[in-house]
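In: Predicted model follows, preceded by the sequence.
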Amino acid sequence: MARGLILGIESSCDETAAAVVDRGARTLSSVVASQIATHARYGGVVPELASREHLRAIVPVVRAALGGANVALADLDAIAVTSGPGLAGALLVGITYAKALAFAQGLPLIAVNHLEGHIHAVLLNERESAQDPQDAQSPVLALVVSGGHTHLYLASPVDGSWHYTLVGRTVDDAAGEAYDKVAKLLGMGYPGGPWIDALALHGNPHAVPFAFSQIKTKLHLGGKPPRTKAARTAPIAALDPHFLFSFSGIKTAVLRYVELHNLRPEAEARREALFTGPDAPARPTVDDALATCDPITLDLIASFQHAVVGDLMKKTFAAAESLGVARILVTGGVAANRELRARFTTEAVRHGVSVAFPTLALSTDNAAMIAAAAWPRFLAGDFAESSLTGDPSLALGR
Ligand code: KG4
Ligand code: ZN
């Protein structure tokens, strides 16, 4: 039986991560060094700082992953690294280090798409909990929902590897980006998703009726060259408009609501009290945040989340139905959200389909998912050239 110890390295955004996974099915170690503390004061990821932090962290993180797995470099069978999409400078740190290790050890190098990694986070969990995935034979619909992406893929197993077809995507902001921007607007820290997740439990989700209108592709592109970042990298016009997402409108609607109800002074006071002021706690808790929120803000937060989750759910289940797929995976940072997990689970029962999420640790960026996604490529001998470079807008499938 082929051995399959793969060291995965991930540095596409603001987490430096390394993991050792055996045969894509057993995690021996998974180490994640988060840069949240570095970026928090800027309210978002600063690319130059991210590259610098990756440079600082990559050697100790890889060392910790090998140590945690109790393996030496010489025990490895391959090295896998995220080659995109992501921040150019950040990707480069992981790729350069992975290439150097692979060259020095005479090991094959495997390039992994970050989005494919997120999908494999769920498959890895399933293999580990020995619920041998029926997905080994049947196609799945994967919703990758994170700070950078809101993408729906049809993932089909073909001869031991996976083929991906893009089914839907955001035409502007990613869902996680909307969470982060709304949280920032309301004076919450970065990343905003976990704050909104926790505070939404204390508000009325039906207080503000945010609505998503159906996206009309032709109208959206207006016959002109596409202007959005998203449109440049994927054939939006070729996708079914029912499976397109747009989260920039709700962000603007929240901003209007904040202005209309004069919530800005409160948000500024909250930011000062929790994050930037001289008396700000070292690590603000949800109770600290709750104490600074009035009911109208809590209702706004709960309503925002309810609308976003509802929209993700409606389009994902409509796509599953239209494609005749009985299995849905939801993955990426926003998949950690409690309301999302609860409502997708209930909706799956209603539709008679199954839905799976990664564990919380594997929902956000990590390297175990990169090493797991590399396993079918290892078996297929699908190795990267030594000229491998990062591709910030690398697409998955077509
Ligand atoms: O997958 P990830 O770690 O990095 C990217 O590839 O983007 O996702 C990070 C995103 C951030 O936008 C963060 O606010 C969001 O995931 N997030 C959440 C939650 N935890 C993280 N959004 C909603 N609810 C959460 N519990
Ligand atoms: Zn990610």
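Out: Everything's here; your move. Ligands and ions are numbered 1, 2, ... in the order given.

In: contacts, neighbours, all on C-alpha from now
Out: Noted.

In: what about the longest helix in the protein?
Out: helix 295-323 (DSSP state H).

In: quick one: that one to chain centroid distance?
Out: Offset of helix 295-323 from its chain centre (Cα atoms, centre = their mean, to the nearest Å): 17 Å.

In: Ok, stretch 31-43 next?
Out: On Cα atoms, centre = their mean, the centre of stretch 31-43 falls 16 Å from that of its chain.

In: what's the span of that stretch from first residue to last?
Out: 24 Å (Cα to Cα, to the nearest Å).

In: do you know how far the closest residue to ligand 1 within the stretch 1-150 of the chain is from residue 287?
Out: Relative to ligand 1, the nearest point of the stretch 1-150 of the chain is residue 147 (3.3 Å; Cα to the nearest ligand atom). Distance, residue 147 to residue 287, using Cα to Cα: 25 Å.

In: Ok, residue 207 next?
Out: As judged by Cα to Cα, residue 207 and residue 287 stand 22 Å apart.

In: same deal with residue 357?
Out: Taken as Cα to Cα, the span from residue 357 to residue 287 is 27 Å.

In: Figure out the helix or strand that residue 32 lives in.
Out: Under the criterion of DSSP states H and E, residue 32 resides in strand 26-34.

In: Likewise for residue 54?
Out: Per DSSP H and E: residue 54 is located in helix 47-69.

In: Please enumerate residues in contact with that helix?
Out: 9, 11, 13-20, 28-33, 35, 38-39, 72-73, 87, 89-90, 93-94, 97 (Cα atoms under 8 Å, 6 or more residues apart in numbering).

In: In strands, which of those fall?
Out: 9, 15-20, 28-33 (DSSP state E).

In: which two from those residues end up farthest apart in space?
Out: Spatially, the most separated pair among the ones in strands among the contacts of helix 47-69 is 15 and 28, at 19.2 Å (Cα to Cα).

In: The two - which one has more neighbours?
Out: The neighbour comparison of residue 15 against residue 28 (other Cα atoms under 10 Å) goes to residue 15, with 23 against 20.

In: Quick check: pLDDT value at the more buried one.
Out: On pLDDT, residue 15 comes in at 91.

In: Tell me who's in contact with it.
Out: Residue 15 neighbours (Cα under 8 Å, 6+ apart): 32-35, 54, 365-366.

In: could you redo the last one with a cut-off of 10 Å?
Out: Shown in contact with residue 15 (Cα atoms under 10 Å, 6 or more residues apart in numbering): 31-36, 50, 53-54, 57, 90, 364-367.

In: do the same with residue 196
Out: Residue 196 touches 179-180, 182-183, 186, 188, 286, 298, 301-302, 304-305, 337, counting by Cα under 10 Å, 6+ apart.

In: Quick one: mean pLDDT over the helix or strand in which it is found.
Out: Assigned by DSSP H and E, residue 196 belongs to helix 193-200. The average pLDDT within helix 193-200 is 98.

In: these two touch, right, residue 307 and residue 251?
Out: No. Between residue 307 and residue 251 there is no contact under Cα atoms under 10 Å: 11.4 Å.

In: Rank the helices and strands of the protein by mean pLDDT and give me the bottom one.
Out: Scoring the helices and strands of the chain by mean pLDDT, DSSP states H and E places helix 229-233 at the bottom, with a mean of 47.

In: State the phi and psi torsions of residue 149.
Out: Per-residue torsions, residue 149: phi -140, psi 150 (degrees, to the nearest 10).

In: nope, residue 390 is what I was after
Out: Per degrees, to the nearest 10, the backbone of residue 390 is at phi -80, psi 150.

In: Any figure for the gap between it and ligand 1?
Out: Using Cα to the nearest ligand atom, to the nearest Å, we find residue 390 at a distance of 15 Å from ligand 1.

In: try residue 354
Out: Relative to ligand 1, and taking Cα to the nearest ligand atom, residue 354 is found at 21 Å.

In: Neighbours of that residue, how many?
Out: 16.

In: thought it was touching residue 142?
Out: No. Residue 354 is not in contact with residue 142 according to Cα under 10 Å; the separation is 11.8 Å.

In: got any residues that touch both of these two?
Out: Common neighbours of residue 354 and residue 142 (criterion: Cα under 10 Å, 6+ apart): 327-329.

In: circling back: hmm, the strand holding residue 32 in reach of ligand 1?
Out: No. For a cut-off given as Cα under 6 Å from any ligand atom, strand 26-34 has no contacts with ligand 1; the smallest distance is 9.6 Å.

In: That strand: partners in the sheet, and parallel or antiparallel?
Out: Sheet partners assigned to strand 26-34 using DSSP bridges are listed as strand 15-22 (antiparallel).

In: orientation of the partner strand relative to helix 47-69 in degrees?
Out: Here strand 15-22 runs at an angle of 30 degrees relative to helix 47-69 (axes from the mean of the first three to the mean of the last three Cα atoms, to 10 degrees).

In: So is strand 15-22 next to ligand 1?
Out: No. Counting by Cα under 6 Å from any ligand atom, ligand 1 has no neighbours in strand 15-22; the shortest distance is 7.8 Å.

In: quick one: that strand to chain centroid distance?
Out: Relative to its chain's centre, strand 15-22 lies at 16 Å (Cα atoms, centre = their mean).
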